[in-house]
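Asks: Sharing a model prediction with you, sequence too.
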Amino acid sequence: MAKRIALIEDDAAIRANYADAIKKHGYEVATYASRPEASSAFKVRLPELAIIDIGLGQEPEGGFTLCRELRALSATLPIIFLTARDSDFDIVSGLRLGADDYLTKDVSLPHLLARIAALFRRAELAATPAAAEEIIERGQLKLDMKRFLATWNDKIVDLTLTEFWMVHALAKFPGHVKNRDQLMGDAKIVVDDGTITSHVKRIRKKFVVVDDAFDSIDTVYGMGYRWREGDGQR
Amino acid sequence: MFSFGLRAKLFVAVLPVFAIPVVGLGYVREMEALLKQQQEQNLITAARTIATALHDRPSLLRLRPQDPALKKDRQEAINAFGGEGAAAGGATAVAQNGVASGGAAVAGDASVASDGAATDAPVVVSPITRPVQVPMTVLAPDPPPATDEVSRIISGLNRAKSRIWVLDKKHQLLALAGSLKAAPDTDKTVDTKPAPPSFWERAENLLLRPLYSRLLTLPTEDFDDALPEDAITNGAEVESALSGIPATRRRATLDNRAVILSAAHPIWADDDVVAAVVVEETTNAVQSFTTRALEKLITGTLLTFLLASVTVLAFASRIAGRISRLRNEAEAAIDANGRVRKIVAGSRARDEIGDLSRSYSQLLERLAQYHDYLEQLGSRLSHEFRTPIAVVRSSLENLQMQGLPEESAVYVQRAEQGISRLSAMLSRMSEARRIEAALREGERVDYDPREVVQGSVEGYRAAYPGSVFRTAPDAGEMRISGSPELLAQGLDKLVANAVSFTAEGSPIGIALRQEDAFAVIEVENTGPLLPQAHSARLFDSMVSLRDSQAGAEPHLGLGLFIVRLVAEFHNGSADARNRPDGTGVIMRLRLPLKLGAA
């Protein structure tokens, strides 16, 4: 049975375009133009993934409210914010509400679909034990490529999908500098340099939450970033 | 600045106060003239009264008065005159023709008419002017009672501080009464206990008295009140009175210390003038009145001027102070980077300066709004355009997924390229805003800018293979406070800017050095020079000085704005100038070093 995706977006053209593309990839799509409409539908039946715009018609923050409601109904339901807003403040707010990813409308449809697929995979495999060959280990870092789960010293680092892909891109070849374009490609996003910088900043913070001494992501000024192998080199 | 500012101008405006004494002086003069006239009238009236009392009583005039007062006065007059009068003794001066030998009483004095032919009145008056010539033999015995009559009458009619004398047609003094000076004892009783001077009087005495004594002369009571012969014999008023017409005359005392006003009136017997009565007074009363008035006028004027000047100066200082404060704030309201601050000076005052301040504030507020609008235009545009772009992009992507024929696919691909460029532009527009947000978060660390610059240069060599980067020799260790990521971002913008202006193969210089307490980063490139007029605005939002070239990457004028933001975050500054040799441009970041760092 096809997965059911809820798409909440107030712009009819975008809604239809996205719905068409998603449907074409074998998902079932329920579209809603406003928050009340979506809320009442969710009370009847929860979707298996939700893509939410933040500004919904008359409610500039309607998406945030909806995300909170959804999170209250289900702790595991994957939620993606897809919005025209790209300020750090909005991104942090959105992620803090429990969204799994935050995308601006610059994202291409293939990138969006890749995320949808990845999030479904993560949700499915959450319960099953990880197969050894799917795990990349770099010192204290473990990346479970199946479930998109990152751990540091066996503690889970709560990364979004985009962030996980960025960490993966860096940690796959420690010591190699990844420039911003490469990171974008690997993380399946298209954003500007500044956004990459704030992504990296957020990733560092998340690692610091589980380990104060974390400093494995190096900034190579003017070039990009690099995963530093091992500990205590400095 | 204030060489001839408001203060001086308003001070000059006060000067017309000095017109007051001029006007006042005229007024006082007028008063003085009036008072003098009045005095003359009074004297004439007095003379007439006395004359009236003596009219048609020729018998009274026959005898020469002999009262002690007259004697005394005459004595004084004599003393004053010749100084030898003392020798003549008490009664010397008086000789009565009738009582004496009857012939020539006084020898050789033309003024003393001894020939009785001229007058039937056998009156002889002492020859005051020639006392020494009066022989002792002509000493008068006790006067007959009739002579006292005139003295009594004139004494009775006498006024304070006036002197009355009566003389006959031969200019012979018949009677004399009163004194030009106030009686000394009465003066004393009045003045014995003067009120202690008040503060103001003392201040006035101290400060102004010297001035007054220079400018004005207070009439003195210390004058020579002698009755000169000349006054008796040649006085115009006497002549006039003796010819039947009342007259007045003014003359100075012999020592020139006072002016004596005299009025003469004829005494008639039937239709003949038999004698004249002369009433004399000093003009001291009028003069002292005038002097007092002038003193008061000057004092008043000075006080008024002082008060007006102080008030005007205080007022002018306040106004000037407020205006210059407003000016200073207005000057500082827009800083070198065009940021607008609010004006507070006088914004609550309810006068014109307050109005000025408020309209300044309004003006600046509008300017600030406009400025904000410009700065946010980019990010707003980017936000508003993002949705329609998403529509176009998703439509194109859906189209592609449908498996288009070859020829259609080309167009879709071109459309996608176009929309990507548009999207990139919009991202750049919102970049400045995002950096501003990052700056607000304001995470600062101390770092060595050398690492950033060195790392970045490596990166640029890889990123711009067509360009040659030259670096300056390594500077010593330095620490600045800020964000290395942001500095790298700012440097990226500077280098991108330099690369875009430089012909391929030309070197781009990147130097980091320490200057005083600043870390200075310079990015130098050959290429077109900056127009001088706009170099200060170069680092403003949405300011681009490039010639637009078809097909080239669009430039929104945000790159250098970001550089400025980064510099400001480091409490530093960014500027641009042309190379001295005119071959290119130098962009410079000046970032203050961390204090206390090694």
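Replies: Great, that's in hand. Numbers count the residues shown, from 1 in each chain, chains lettered A, B, ... in the order given.
Asks: Okay, domains of the chain per the record?
Replies: No chain specified, so I'll use chain A. For chain A, automatic domain parsing gives the domain ranges A:4-125, A:132-227.
Asks: Switch to chain B, please.
Replies: With domains defined by automatic domain parsing, chain B comprises B:12-295, B:387-438, B:442-547+B:554-592.
Asks: how about the second one against chain A, any contact?
Replies: If I follow you right, that is domain B:387-438. Yes. Judged by CB under 8 Å from any CB of the partner chain, domain B:387-438 comes into contact with chain A through B:387, B:389-391, B:393-395, B:397-398, B:401, B:423-424, B:427-428, B:430-431, B:433-435, B:437-438. Quick note: C-beta positions are derived from backbone N, CA and C, even for glycine.
Asks: ok so, going back, how about the domains of chain B in TSV, adding mean neighbour count?
Replies: Converted to TSV, the domains of chain B look like this (neighbours: other CB atoms under 10 Å in any protein chain shown):
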stretch	mean neighbour count
domain B:12-295	17
domain B:387-438	17
domain B:442-547+B:554-592	18
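Asks: Mean pLDDT added to the ones you listed, as JSON lines?
Replies: Formatted as JSON lines, the domains of chain B follow (pLDDT from 0 to 100):
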{"stretch": "domain B:12-295", "mean pLDDT": "66"}
{"stretch": "domain B:387-438", "mean pLDDT": "82"}
{"stretch": "domain B:442-547+B:554-592", "mean pLDDT": "80"}
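Asks: and B:Ala488, which of the domains of chain A is closest to it?
Replies: For B:Ala488, the closest of these is domain A:132-227, at 4.0 Å, according to CB to CB.
Asks: Give me the phi and psi angles of the residue nearest the centre of chain A.
Replies: Nearest to the geometric centre of chain A sits A:Asp101, at 2.6 Å (CA atoms, centre = their mean). Backbone geometry at A:Asp101, expressed as degrees, to the nearest 10, gives phi -160, psi 160.
Asks: next one: the one 4 residues further on
Replies: Geometry field for A:Lys105 lists phi and psi as phi -70, psi 0, criterion degrees, to the nearest 10.
Asks: the helices in chain A, which residues?
Replies: Under the criterion DSSP state H, chain A contains helices at A:12-24, A:35-44, A:62-73, A:88-96, A:109-125, A:161-172, A:180-186, A:193-210.
Asks: I'd assumed A:Thr160 was in contact with the residue nearest to the centre of chain A.
Replies: Yes. Assessed by CB atoms under 8 Å, A:Asp101 is found in contact with A:Thr160 at 4.7 Å.
Asks: Redo the helices of chain A as a markdown table? Include distance to B:Leu589.
Replies: Output for these, formatted as a markdown table (distance: least, CB to CB, whole Å):
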| stretch | distance to B:Leu589 |
| --- | --- |
| helix A:12-24 | 42 |
| helix A:35-44 | 47 |
| helix A:62-73 | 39 |
| helix A:88-96 | 24 |
| helix A:109-125 | 37 |
| helix A:161-172 | 30 |
| helix A:180-186 | 22 |
| helix A:193-210 | 19 |
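Asks: can you give me the strands in the stretch 201-350 of chain B?
Replies: B:247-252, B:259-269, B:272-282 (DSSP state E, counting those that start in this stretch).
Asks: And these: which comes nearest A:Thr83?
Replies: strand B:259-269 (109.7 Å).
Asks: Next, the angle strand B:272-282 makes with the closest one.
Replies: In terms of direction (axes from the mean of the first three to the mean of the last three CA atoms, to 10 degrees), strand B:259-269 departs from strand B:272-282 by 160 degrees.
Asks: Return strand B:259-269 as PDB; C-alpha atoms alone will do.
Replies: Provided in PDB are the C-alpha atoms of strand B:259-269 (Å, rounded to 0.1, in the frame of the first residue of the first chain):
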ATOM      1  CA  VAL B 259      25.600 131.100  40.200                       C
ATOM      2  CA  ILE B 260      23.500 133.800  41.700                       C
ATOM      3  CA  LEU B 261      20.200 134.800  40.300                       C
ATOM      4  CA  SER B 262      19.000 138.200  41.100                       C
ATOM      5  CA  ALA B 263      15.700 139.900  40.400                       C
ATOM      6  CA  ALA B 264      15.300 143.700  40.800                       C
ATOM      7  CA  HIS B 265      12.100 145.600  41.100                       C
ATOM      8  CA  PRO B 266      11.600 149.300  41.200                       C
ATOM      9  CA  ILE B 267      10.100 151.000  44.200                       C
ATOM     10  CA  TRP B 268       7.900 153.700  43.200                       C
ATOM     11  CA  ALA B 269       7.000 156.900  45.000                       C
END
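Asks: Give the full set of residues in contact with residue 167.
Replies: With no chain named, the answer covers chain A. A:141, A:143, A:150, A:159, A:203 (CB atoms under 8 Å, 6 or more residues apart in numbering or on different chains).
Asks: not quite, I wanted chain B
Replies: Contacts of B:Leu167 (CB under 8 Å, 6+ apart): B:125, B:173-174, B:232, B:238, B:275-276, B:278.
Asks: Relative to B:Pro21, which of those residues is nearest.
Replies: So of the contacts of B:Leu167, ranked by how close each gets to B:Pro21 (CB to CB), first place is B:Val278, at 38.1 Å.
Asks: And the closest one, how far from B:Ile267?
Replies: Separation of B:Val278 from B:Ile267 (CB to CB, to the nearest Å) stands at 11 Å.
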